[in-house]
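*Asks:* What follows is a predicted structure for the sequence shown.
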Amino acid sequence: MNPLIITAAITGAETTKKMNPALPVTPEEQAVAARECVAAGASVIHLHVRDENESASQSLDNFKNSIEAIRAACDPQPIIQISTGGAVGAPMEERIRPIVELKPEMASLNVASMNFGDEVFLNEPLEVKKLAKYMLELGVIPEIEVYDAGHVEITQRLLKEGYLKKPIHYQFVLGVPGGMSGTERNLNFLLESIQDDDTWATAGVGRWQKPLSQMAVERGGFVRIGFEDNVYWEKGVLAESNAQFVERVRKMAEAINRPIATCEDARRIIGI
Ligand code: KMH
Ligand code: ZN
């Protein structure tokens with residue numbers, strides 16, 4: 001089977017230390033978390049950053065500090081995938097700036113607006129196109145965040161219109177209240193909607209993380225885990241670290257002899 005790319009979404013924008021005290025928020029904490037995750041088998045770090053009050057931030061300085069700390073701590077070097085989703089309510093200029101200024105290897109791209117818990121996650125069509133165009137021109141590889149049934153079709157329209165190029169890397173983020181849940185039926189629908197030369201991964205939110213990881217491992221997809229999506233190891237038990245989740249996914253792969261992608265494999269597969 002193809003090597004399994006494991007992405008660690010170590011921090012997120014909405015998770016707080018109140019929800020899990022082990023959440024890494026400072027650059028130093030994120031560096032330790034990233035190092036542990038890479039040692040356990042992760043090859044991509046999906047990165048959100050925080051300010052000095054631990055609030056979600058899209059500031060260049062916060063990104064620079066975290067990236068520098070993670071780079072210094074990790075060997076081999078994971079792909080650092082910058083979040084352009086930020087927190088709900090972050091203005092698009094702030095979400096675009098790190099792409100333009102820092103030109104990361106990879107970044108997330110959210111293609112549609114939706115309810116997100118009790119809030120609205122705004123991704124206006126013209127702004128999405130603007131962000132996608134920057135990524136295309138700067139050679140930043142987008143990972144398309146798919147939360148709901150129509151998002152694959154929106155992505156295919158963006159591809160047709162020239163805002164994206166093949167192959168598309170989909171991240172199925174399932175379980176957000178406002179999007180699709182992480183049932184096998186929903187995953188089947190999404191897999192029927194994408195094309196063979198695209199890649200896909202699952203990011204199960206909350207209780208969906210473990211079963212979706214298992215499905216993706218068995219079916220040739222990639223897996224995202226981490227505190228951004230889930231703070232519980234099992235019902236009622238907090239996870240100790242992001243790396244604990246990476247190890248669980250690695251064991252799922254080992255059980256079926258699926259190799260784990262190295263950082264080098266991940267760059268080759270993603271086309272960096
Ligand atoms: N925080 C969510 C509203 C991304 O990183 O691109 C959006 C998010 C997606 O986390
Ligand atoms: Zn994110």
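*Replies:* Received, thanks. Computed from a predicted structure; not experimentally measured. Numbering: from 1, shown residues only. Ligands and ions are numbered 1, 2, ... in the order given.

*Asks:* I'd like to know how many residues surround the closest residue to ligand 1 within the stretch 151-272 of the chain.
*Replies:* Of all residues in the stretch 151-272 of the chain, E228 sits closest to ligand 1, at 6.4 Å by CB to the nearest ligand atom. (Each C-beta comes from the backbone N, C-alpha and C, glycine too.) Applying other CB atoms under 10 Å, we find 25 residues neighbouring E228.

*Asks:* Could I get the contacting residues of it?
*Replies:* Taking CB atoms under 8 Å, 6 or more residues apart in numbering, we find E228 in contact with 9-15, 46, 48.

*Asks:* Sitting in helices, which of those residues do you find?
*Replies:* Residues of these located in helices (DSSP state H): none.

*Asks:* can you pull the contacts of whatever residue of the stretch 1-150 of the chain ends up closest to ligand 1?
*Replies:* Nearest to ligand 1, among the residues of the stretch 1-150 of the chain, is G85, at 2.4 Å (CB to the nearest ligand atom). By CB under 8 Å, 6+ apart, the contact set of G85 is 13, 95, 108, 110, 121, 145.

*Asks:* how about it, secondary structure?
*Replies:* Recorded secondary structure, G85: coil (DSSP: H, G, I helix; E, B strand; the rest coil).

*Asks:* now A107
*Replies:* Going by three-state DSSP: A107 is strand.

*Asks:* and it, how many residues sit next to it?
*Replies:* Using other CB under 10 Å, A107 has 27 other residues around it.

*Asks:* Equivalent analysis for Q214, please.
*Replies:* Per other CB under 10 Å, the neighbour tally for Q214 reads 17.

*Asks:* which one is it nearest to, not counting chain neighbours?
*Replies:* Of all residues not flanking Q214 in the chain, M252 sits nearest, at 5.7 Å (CB to CB, 6 or more residues apart in numbering).

*Asks:* Would you agree the one you found is in contact with L212?
*Replies:* No - using CB atoms under 8 Å, M252 is not in contact with L212; the gap is 11.1 Å.

*Asks:* I'd like the contacts of E228 laid out as CSV, including distance to K160.
*Replies:* As requested, these are exported to CSV (distance: CB to CB, whole Å):
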residue, distance to K160
A9, 29
I10, 34
T11, 34
G12, 32
A13, 31
E14, 33
T15, 36
H46, 27
H48, 30
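
*Asks:* and those residues as TSV, adding pLDDT, neighbour count and distance to R258?
*Replies:* What follows is those, written out as TSV (pLDDT from 0 to 100; neighbours: other CB atoms under 10 Å; distance: CB to CB, whole Å):
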residue	pLDDT	neighbour count	distance to R258
A9	99	28	21
I10	99	32	23
T11	98	29	27
G12	98	24	27
A13	98	19	31
E14	97	15	31
T15	98	22	28
H46	99	28	21
H48	98	26	28
